[in-house]
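S.K.: Sequence and predicted structure are below.
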Amino acid sequence: MKIINPQYQWAYALTPRKQTTHLICHHSASSVANAETVHTYHRSLGWAGIAYHFLVRKDGSVYAGRPIGMQGGHTLNYNHCSIGICFEGNFEVEYMTDAQLKAGQGLVAYILDKYPGIIVGQHKDYNATACPGKNFPFTFLLNPDDEGDVEAPNTEPSAWAQDAWDWAKGKGITDGTRPHDTATREEIITMLWRAMK
C-alpha cells in the first residue's frame, strides 16, 4: 500500500504517544477534503495541524497526517493512546466508494499488523458525536475479504414497532429516521423530554 507523505508545517512541536491501544475511524463531514485543507483548517483552530494520522480519500489515495508515533487531536480523552484515520466524505448523507473502502481495508490491516491487539472503533463509540456517520461501512472495513458491497440502510421500523414509531413521529418525539440505529443517552433523554412536554 502506498502512503503519500505531504510535508506539513506544524504550528508547534508534537507530543510522542506513549501507548497505542485504539484505532479510531472518522469522516471529514465535508464531501471534499484533502490533507492540506484539513491541515490548514486544524491550524486555524489553534491546533498543531492535521489532527489525524491518516486521511483516506474517495479515489483510494492514502495520505499520512500526524506521524504515526505522535499524539493526534481527533478523539477527546483518547488522543494519548490512539491512531486516528479520517475518511473523506460525509457518511451521514453519502456512501463510501469501492476504491476508498479497499484502501481503508488495507490501511486498517497495516495498522493491525503493526499494533497487534489494537482496538478498532468509531469516533461515536468514544465521544458524543454521529461521526463517522450512519452510512459508514465499519463492518466491511474490518473484513478485507468482503467484496465491499454496502447495502442501503433499512429505513423502515420493524413490524412490531410500527405503531409506536408512528406515534412518536406524530408527537415530534423522533424525526422518523434511523429506526435501527443505536440511540445515544442524549438522544434517549431528548426523546423522553419531548414525550413529557
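M.R.: Everything's here; your move. Source: prediction; values computed, not measured.

S.K.: before we move on, which element is the spatially most central residue of the chain in?
M.R.: Centroid-nearest residue in the chain, with C-alpha atoms, centre = their mean: residue 26, separated by 2.2 Å. Here residue 26 sits within strand 22-27, counting by DSSP states H and E.

S.K.: Beyond that strand, next helix or strand please.
M.R.: Next helix or strand after strand 22-27 toward the C-terminus (DSSP H and E): helix 35-44.

S.K.: CA atoms only for that following helix, dumped as PDB, please.
M.R.: Coordinates of the C-alpha atoms in helix 35-44 are reproduced here as PDB (Å, rounded to 0.1, in the frame of the first residue of the first chain):
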ATOM      1  CA  ALA A  35      -4.800  16.600   3.500                       C
ATOM      2  CA  GLU A  36      -3.600  20.200   3.000                       C
ATOM      3  CA  THR A  37      -7.000  21.700   3.600                       C
ATOM      4  CA  VAL A  38      -7.600  19.700   6.700                       C
ATOM      5  CA  HIS A  39      -4.100  20.700   8.000                       C
ATOM      6  CA  THR A  40      -4.800  24.400   7.300                       C
ATOM      7  CA  TYR A  41      -8.300  24.200   8.900                       C
ATOM      8  CA  HIS A  42      -7.000  22.500  12.000                       C
ATOM      9  CA  ARG A  43      -4.200  25.000  12.300                       C
ATOM     10  CA  SER A  44      -6.800  27.800  12.100                       C
END
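
S.K.: Show me which residues of it are buried.
M.R.: Residues of helix 35-44 classed as buried: 35, 38-39, 41-43 (neighbour count, 16 or more other C-beta atoms under 10 Å). In this view, the C-beta of every residue, glycine as well, is placed from N, C-alpha and C.

S.K.: Give the bridge partners for the residue nearest to the centre of the chain, please.
M.R.: For residue 26, the beta-bridge partners under DSSP bridges are residue 86.

S.K.: mind giving me the domain split of the protein?
M.R.: 3-141, 159-196 (automatic domain parsing).

S.K.: And the shortest one, what's buried?
M.R.: Right, domain 159-196. With burial defined by 16+ other C-beta under 10 Å, the residues of domain 159-196 counted as buried are 165, 168, 173-174, 178-179.

S.K.: ok, now stretch 83-95?
M.R.: Buried residues in stretch 83-95, defined by neighbour count with 16+ other C-beta under 10 Å: 83-91, 95.

S.K.: what's the spacing between that stretch and its chain's center?
M.R.: Centre-to-centre, stretch 83-95 and its host chain are 6 Å apart (C-alpha atoms, centre = their mean, to the nearest Å).

S.K.: if you average pLDDT over that stretch, what comes out?
M.R.: Stretch 83-95 comes out with an average pLDDT of 96.
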